[in-house]
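Visitor: one predicted model, sequence on top.
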Amino acid sequence: MSTVNRSDSQSGFAGIPRNMTGLAAKLASAGYATAMFGKWDIGGAIEAQTPRGRGYQRALSYFHHLNDEWSTTVWQRACQTGNTSVPIVDLWLAQPDGGAEGPAHGWNSTCSGDQPKGGAPASCRPGPHGDAVWGGYEDALLAQQAVATVESHDTTRPLFLFWAPHAVHTPLQVPQLYVDRFAFVNATDKPAHQRQLYAATVAFIDDAFANLTKAYERRGMYSSLLVVVSADNGGPVYYGGVGGANNHPLRGGKMTSWEGGVRVNSFVSGGFLPEPVRGTRYSGLFALWDWYATLCSLAGVDPTDAAAAAAGLPPVDSIDQSALLLGLELSQGRAPARMELALSTEPRATNLSGAPLCTSFAAVDSRRVEGDRYTAPPPSGTCSTLDGLIQADGDHLWKLLIGDHDMAYVTGPYFPNASTPAAIPAEVVHCGGGCLFDLAADPLEANDLAATMPQRVASMRARLEALLPTAFNPRRGKEDAAACDAALQRYGGFWGPFLEA
């Protein structure tokens with residue numbers, strides 16, 4: 001729960017600044033019905049940062065990084081009332097057709113706190129609006145609402161549906177039926193069964209995705225449908241594989257700029273795609289945030305964000321890739337729309353010319369949460385969030401990394417396994433002025449070419465330095481116990497926006 005500085009026109013505080021216009025708001029302005037279900041995690045200190053505030057007319061979501069799949073409570077952000085720690089229920093509802101937005105009373109289950117990994121715990125009974133099949137399991141509830149949205153949609157109107165499943169993410173919880181499907185993994189798995197549970201959650205989402213696809217087909221909507229499926233980061237391989245993920249054979253993982261952290265699984269499908277594009281594979285650069293400009297273009301909306309510009313915020317960092325989807329790059333031999341991609345992480349020491357002082361990042365909240373390897377910037381010197389750059393050049397895909405990069409290890413094909421230590425020894429590559437890789441020939445980042453190509457390193461460093469003036473440093477608000485207690489009273493024990501008095 002964060003408080004708001006009313007005089008701050010940018011207001012980063014661990015979310016998208018309030019004066020930035022979201023994709024749903026853009027598409028709603030073009031007449032789209034908009035809906036989202038799942039993980040929000042892009043702000044919620046004020047009503048303008050909730051799903052409804054960002055343009056979603058219908059939503060069922062949770063605000064934090066994670067919550068318990070069965071109880072939807074968040075122990076990591078429990079409110080302290082006297083000597084009692086009270087977990088907050090993190091489930092938020094925006095009813096369709098302009099209905100009320102607020103705590104999802106009656107949608108959450110009856111249990112509280114951390115629950116077992118499998119089954120439907122006896123203490124967890126679904127609320128009157130909840131999912132009865134899996135005992136109130138959150139991902140089943142989210143998937144149920146996605147299908148219901150399609151089933152009830154007025155097909156004379158376009159629909160933008162964003163579904164961000166809770167799985168596959170810690171805590172690794174899934175109904176026992178799916179856990180049992182992957183019992184064969186136990187022979188080589190860790191004692192806590194992380195790999196088995198990870199596979200089981202993927203299977204659950206696969207089945208839910210199939211159900212949603214069938215709903216589109218039943219409604220006759222599939223022929224004009226564009227389906228976009230993408231991960232938001234590489235799998236977490238820190239803390240001995242606590243998340244059950246594996247990026248083999250790529251190096252590193254989530255929260256790093258190694259390929260295991262930034263190169264993710266993705267595909268597009270649906271009847272909207274022209275026949276020549278179907279079944280093809282694209283090896284160029286496509287950033288997740290390119291969907292902003294791309295979908296705006298396909299919907300006939302200008303992606304320019306006038307509200308952000310008026311607040312002094314940077315322009316939209318998104319490139320229209322609609323020509324790729326429409327097959328125009330393929331049929332007309334057009335150059336790729338995106339030729340470079342800047343990489344960034346938490347503020348860290350840098351020797352880039354013109355980088356700001358590390359003390360300018362002092363307001364960033366440096367406390368750790370589960371899976372967060374963030375550490376505070378050093379007290380002196382210069383720091384930057386920029387730590388790398390990828391550039392396309394003919395048949396080459398050059399990647400430059402600067403500074404120190406941890407989690408530089410490569411996991412095996414069966415990770416995590418019974419021999420994986422709880423704490424994997426740190427493996428840091430000290431790139432200093434630059435490590436250079438040609439990803440087209442070396443996607444595993446095994447061969448550093450910096451010593452043999454100093455001019456390439458120098459030109460890419462110069463480009464990073466040119467990007468520094470436009471690098472945006474969102475400020476995070478401080479966690480506030482008073483705000484937490486106020487939310488308990490205001491929302492009856494649910495997580496929700498709290499505006500500073």
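Guide: It's in.
Visitor: now G119: closest residue in space that isn't a chain neighbour?
Guide: Distance criterion C-beta to C-beta, 6 or more residues apart in numbering; nearest residue to G119, sequence neighbours excluded, is Q176 at 4.1 Å. C-beta here means a position set from N, CA and C on the backbone, and glycine is covered the same way.
Visitor: and the residue nearest the centre of the protein?
Guide: D232 (4.3 Å; C-alpha atoms, centre = their mean).
Visitor: list the helices and strands the regular element (helix or strand) spanning L212 packs on?
Guide: Here L212, judged by DSSP states H and E, is contained in helix 194-218. Counting contacts by 3 or more C-beta pairs under 8 Å, 6 or more residues apart in numbering; DSSP states H and E, helix 194-218 is packed against helix 138-152, helix 176-181.
Visitor: just the buried positions in that helix, please.
Guide: Neighbour-count burial for helix 194-218, counted by 16 or more other C-beta atoms under 10 Å, picks out 194-205, 208-209, 212-213, 215-216.
Visitor: just stretch 142-154 next, same as before
Guide: By 16+ other C-beta under 10 Å, the buried positions in stretch 142-154 come out as L142, A143, Q144, Q145, A146, V147, T149, V150, H153.
Visitor: just how off-centre is it within its chain?
Guide: How far stretch 142-154 lies from its chain's middle: 22 Å, per C-alpha atoms, centre = their mean, to the nearest Å.
Visitor: go on, stretch 386-406?
Guide: Its chain's C-alpha centre and that of stretch 386-406 lie 22 Å apart, by C-alpha atoms, centre = their mean.
Visitor: okay, now the unreliable bits of the stretch 251-400 of the chain?
Guide: 362-375 (pLDDT under 70).
Visitor: what are the boundaries of the strands in the stretch 301-450 of the chain?
Guide: In the stretch 301-450 of the chain, the strands defined using DSSP state E, counting those that start in this stretch lie at 340-349, 383-393, 396-401, 404-405, 429-430, 435-438.
Visitor: contacting residues for the nearest residue to A35 once chain neighbours are set aside?
Guide: Excluding the flanking residues, the one nearest A35 by C-beta to C-beta, 6+ apart is R58, at 4.1 Å. Shown in contact with R58 (C-beta atoms under 8 Å, 6 or more residues apart in numbering): A33, T34, A35, M36, A94, Q95, P96, T149.
Visitor: repeat that with 7 Å
Guide: For R58, the contact set (C-beta atoms under 7 Å, 6 or more residues apart in numbering) comprises A35, A94, Q95, P96, T149.
Visitor: touching, the last one and L161? I think so.
Guide: Yes: using C-beta atoms under 7 Å, T149 is in contact with L161, at 6.1 Å.
Visitor: common neighbours of the two, please.
Guide: Contact with both T149 and L161 is made by residues A35, according to C-beta under 7 Å, 6+ apart.
Visitor: now stretch 329-344: buried residues?
Guide: Buried residues in stretch 329-344, defined by neighbour count with 16+ other C-beta under 10 Å: E329, P336, A337, R338, L341, A342, L343, S344.
Visitor: so what's the residue count around the nearest residue in space to M339 that is not next to it in sequence?
Guide: Once flanking residues are discounted, M339 sits nearest to A392: 5.0 Å by C-beta to C-beta, 6+ apart. Look at A392: counted by other C-beta atoms under 10 Å, it has 19 neighbours.
Visitor: tell me what A392 is bridged to.
Guide: For A392, the beta-bridge partners are L397 (DSSP bridges).
Visitor: who's in contact with it?
Guide: The contact partners of A392, by C-beta under 7 Å, 6+ apart, come to G284, L285, P336, M339.
Visitor: what about G284, distance to W291?
Guide: Distance of G284 to W291, given as C-beta to C-beta, to the nearest Å: 15 Å.
Visitor: could you do D180 as well?
Guide: Look at D180 and W291: by C-beta to C-beta, they are 36 Å apart.
Visitor: turn the strands of the stretch 301-450 of the chain into JSON lines, including distance to V168.
Guide: Shown next, in JSON lines, are those (distance: least, C-beta to C-beta, whole Å):
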{"stretch": "strand 340-349", "distance to V168": "22"}
{"stretch": "strand 383-393", "distance to V168": "26"}
{"stretch": "strand 396-401", "distance to V168": "26"}
{"stretch": "strand 404-405", "distance to V168": "25"}
{"stretch": "strand 429-430", "distance to V168": "28"}
{"stretch": "strand 435-438", "distance to V168": "28"}
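Visitor: please name the bridge partners of S266.
Guide: S230.
Visitor: so what's the residue count around it?
Guide: For S266, the neighbour count with other C-beta under 10 Å is 13.
Visitor: settle this for me: it is touching V227, isn't it.
Guide: No: S266 is not in contact with V227 according to C-beta under 7 Å; the separation is 11.0 Å.
Visitor: hmm, back to that, only the buried subset of the contacts of R58, as a ChimeraX command please.
Guide: Buried subset of these, written as a ChimeraX selection, criterion 16+ other C-beta under 10 Å:
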select :35,94,96,149
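Visitor: between the contacts of R58, which sits nearest L295?
Guide: Nearest to L295 out of the contacts of R58 is A35 (C-beta to C-beta; 14.6 Å).
Visitor: need the contact list for the closest one.
Guide: By C-beta under 7 Å, 6+ apart, the contact set of A35 is Y56, Q57, R58, A59, T149, L161.
Visitor: what about 10 Å?
Guide: Neighbouring residues of A35 by C-beta atoms under 10 Å, 6 or more residues apart in numbering: 24, 51, 56-60, 94, 96, 145-146, 148-150, 153, 159-163.
Visitor: what helix or strand is it located in?
Guide: If you go by DSSP H and E, A35 is part of strand 33-39.
Visitor: in its sheet, what does that strand sit against?
Guide: Taking DSSP bridges as the criterion, strand 33-39 sits next to strand 58-62 (parallel), strand 159-164 (parallel) in its sheet.
Visitor: before we move on, back to that, closest to R463 among the contacts of R58?
Guide: Distances from R463 to these, taken by C-beta to C-beta, are shortest for A35, at 39.5 Å.
Visitor: check S2 and give its pLDDT.
Guide: Each residue has a pLDDT score; the one for S2 is 44.
Visitor: how about the helices and strands packed on helix 194-218 in JSON lines, adding mean pLDDT and distance to G270?
Guide: Shown next, in JSON lines, are these (pLDDT from 0 to 100; distance: least, C-beta to C-beta, whole Å):
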{"stretch": "helix 138-152", "mean pLDDT": "96", "distance to G270": "13"}
{"stretch": "helix 176-181", "mean pLDDT": "95", "distance to G270": "26"}
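Visitor: can you check which of the ones you listed gets nearest to A323?
Guide: For the helices and strands packed on helix 194-218, proximity to A323 was assessed by C-beta to C-beta; helix 138-152 is nearest, at 28.4 Å.
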